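A.B. asks: could you work out the structure for the sequence below:
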Amino acid sequence: MLLSELAEKELIEMENGVRYGYLSETECLFDPKTGKIFGFELHEQSAKIPFQKKKATTPLFIPWEEIHLIGEDRILFHRTSSKRRQFET
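C.D. replies: Here you go, the predicted structure:
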């Protein structure tokens, strides 16, 4: 599967059915030496609205281990975390 195909998929949390937008709206965190994906960082939607007062919010993080299914249109995952772990580089 190409990265461009993954970017078009919608992120949905399985437990509550919450939609978090599309993978293209996230930052992919990976090890540049091995290519291993650690997860995806999401910024809150309110921070993307122009001319709005920006809040100092912590981005959400979806660990790769929490992804349950990559389907035709959606990526289903179990839960997000408010902080990411420190990864070995």
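A.B. asks: where is the longest strand in this structure?
C.D. replies: Ranked by residue count, the top strand of the chain under DSSP state E comes out as strand 37-42.
A.B. asks: which strands and helices sit next to that one?
C.D. replies: Judged by 3 or more CB pairs under 8 Å, 6 or more residues apart in numbering; DSSP states H and E, strand 37-42 is in contact with strand 27-30, strand 60-63. C-beta coordinates here come from the backbone N, C-alpha and C atoms, glycine included.
A.B. asks: which outside residues touch that strand?
C.D. replies: Strand 37-42 is touched from outside by 11, 20-21, 23, 25-31, 59-64, 66, 80, 84-85, 87, with contacts defined as CB atoms under 8 Å, 6 or more residues apart in numbering.
A.B. asks: out of those, which are buried?
C.D. replies: For the contacts of strand 37-42, a burial check counting by 16 or more other CB atoms under 10 Å picks out 11, 20, 23, 26, 29, 59-63, 66, 80, 84.
A.B. asks: where does pLDDT dip in the protein?
C.D. replies: Filtered on pLDDT under 70, the chain yields the residue ranges 44-57, 81-89.
A.B. asks: can you map out the strands along it?
C.D. replies: With strands called from DSSP E, the chain shows them at 10-13, 19-22, 27-30, 37-42, 60-63, 67-70, 74-77.
A.B. asks: bridged to R74, which residues?
C.D. replies: With DSSP bridges as the criterion, R74 is bridged to E10.
A.B. asks: re the thing from before, buried ones in the longest strand of the chain?
C.D. replies: Within strand 37-42, the residues that qualify as buried by neighbour count (16+ other CB under 10 Å) are F38, G39, F40, L42.
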